[in-house]
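Colleague: sequence-free structure coming up:
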Ligand SMILES: O=C(O)[C@H](O)[C@@H](O)[C@H](O)[C@H](O)CO
Ligand SMILES: [Zn+2]
C-alpha cells in the first residue's frame, strides 16, 4: 500500500486556479488564474513563480512545439511568448456571444488544441445556460466546432489508444466519452461513463493516468476521484483540505506526482479561516500510479 501525502506547494491565493500542465524541460508546473488573467509558471526546483498577465480572463495554457505556449484568453486562441509576455491571436470563436469566454483546454495526441466555452459566471456555477460550445484549433489555425448547447465546458483527455475522447460539461454532472478519430479529429457516439454522486458535487478538470483510468477534480467536493471508464466505477477518492478543487495533472519525476489547482473565489471570510490554503497549488505523492506527458500544440 502506498502512503498518500498531500501538501500545498505554492500558496498562490488564486481566485480560480486552473489548467495545471507539467513542463518537463523546465521542471515546472504551468497553470492559470482565470479571473486574474494570469498565466503562472512554478519551478519545482527553485520554487520560484513567474507570472504573465493577459488582457482577458485566461482559462487554459498548453505547451507549443515551436516553443513558448498557447493559451485560451477571452474567446481567443493565442500564442504566448513567455520571454516578453507578448501574445498573438491565432483564432477567435463565439464572436456573436459577447458574454462568453473560453474555459478548460488541452492538446490532443495529434497536436490539436481543444477548448470549450461558457457564458461568464455571475457567481461560481451561476450563469446563462447552453451558451457554450466545444472547439479545436488545428495546427493550421483552422477552428473546428464540435457541438454547442454547452453549460460549462470543462475537463478533457484522450484514452491511451487515442480512440476515445473524454469530456465534462460540468452542469451535466457526468463524465462523457466519445469515439475519437485521431487522424481527422472527429468525435462521435457520445455516452456517459460516470455520473457524479451528490457529495462529489461538480465535475471540473480531468486527466488520464498511465493505466487508462480518469482523475476528476470535484469543484465544491474538495477531492479528486479516480474512475474506471470501462466499468463506470469509482476506484478511489482523495480528499484535499480545500473545497473548490478545479483541476489535476500528473508531473514531477516520471509523472509520478499529481498537481491539483483550486479556487478561492466564492468562499466567504469564515470559510477561508477553515481553508486558508484555498487558491494554492497542491501536490499529491504516493498515489502509486503515473501519468502521461502533456502533448504540445503542433501549429
Ligand atoms: O474552473 C472552471 O472550470 C470554471 O471556470 C470555474 O468557474 C468552475 O469550474 C465553476 O465555477 C464550477 O462549475
Ligand atoms: Zn475547469
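Modeller: Happy to help now that I have it. Predicted model only: the values in this text are computed from it and were never measured. Ligands and ions are numbered 1, 2, ... in the order given.
Colleague: Which residue comes closest to the single nearest residue of the chain relative to ligand 1 once chain neighbours are left out?
Modeller: Nearest to ligand 1 in the chain, going by CB to the nearest ligand atom, is residue 124, at a distance of 3.6 Å. The C-beta positions use only the backbone N, C-alpha and C, and glycine is treated the same way. Among residues not flanking residue 124 along the chain, residue 266 sits closest, at 4.1 Å (CB to CB, 6 or more residues apart in numbering).
Colleague: contacting residues around the one you found?
Modeller: 123-124, 244 (CB atoms under 8 Å, 6 or more residues apart in numbering).
Colleague: Phi and psi next, for it.
Modeller: phi 90, psi 0 (degrees, to the nearest 10).
Colleague: ditto for residue 171
Modeller: Per degrees, to the nearest 10, the backbone of residue 171 is at phi -80, psi 0.
Colleague: Looks like it contacts residue 131 (just checking).
Modeller: No. The criterion here is CB atoms under 8 Å, and residue 171 misses it with residue 131 at 11.5 Å.
Colleague: Overlap of the contact sets of those two?
Modeller: The contact lists of residue 171 and residue 131 share residue 151, where a contact means CB under 8 Å, 6+ apart.
Colleague: Name the residues of stretch 209-226 that are buried.
Modeller: 209, 213-226 (16 or more other CB atoms under 10 Å).
Colleague: most surrounded residue in the contacts of residue 266?
Modeller: Among those, the one with the most neighbours (other CB atoms under 10 Å) is residue 244, at 29 neighbours.
Colleague: in the sheet, who's paired with that residue?
Modeller: Applying DSSP bridges to residue 244 gives these bridge partners: residue 219.
Colleague: how near is it to residue 212?
Modeller: 28 Å (CB to CB, to the nearest Å).
Colleague: Spell out which parts of the stretch 1-150 of the chain neighbour ligand 2.
Modeller: Neighbours of ligand 2 within the stretch 1-150 of the chain, by CB under 5 Å from the ion: residue 104.
Colleague: now what about stretch 175-188, what contacts it?
Modeller: For stretch 175-188, the surrounding residues in contact (CB under 8 Å, 6+ apart) are 108-110, 112, 136, 138, 144, 146, 155, 158-159, 162-169, 189-194, 196, 203, 206, 214, 216, 227, 229.
Colleague: List only those of those residues flagged as buried.
Modeller: 108, 110, 112, 136, 138, 146, 155, 158-159, 164-169, 193-194, 196, 203, 206, 214, 216, 227, 229.
Colleague: what pLDDT does the nearest residue to residue 35 once chain neighbours are set aside get?
Modeller: Among residues not flanking residue 35 along the chain, residue 15 sits closest, at 4.7 Å (CB to CB, 6+ apart). pLDDT for residue 15: 98.
Colleague: Off-centre distance for stretch 162-176?
Modeller: 13 Å (CA atoms, centre = their mean, to the nearest Å).
Colleague: do the same with stretch 112-129
Modeller: Per CA atoms, centre = their mean, the centroid offset for stretch 112-129 relative to its chain is 13 Å.
Colleague: Quick check: end-to-end length of that stretch?
Modeller: End-to-end distance for stretch 112-129: 27 Å, by CA to CA, to the nearest Å.
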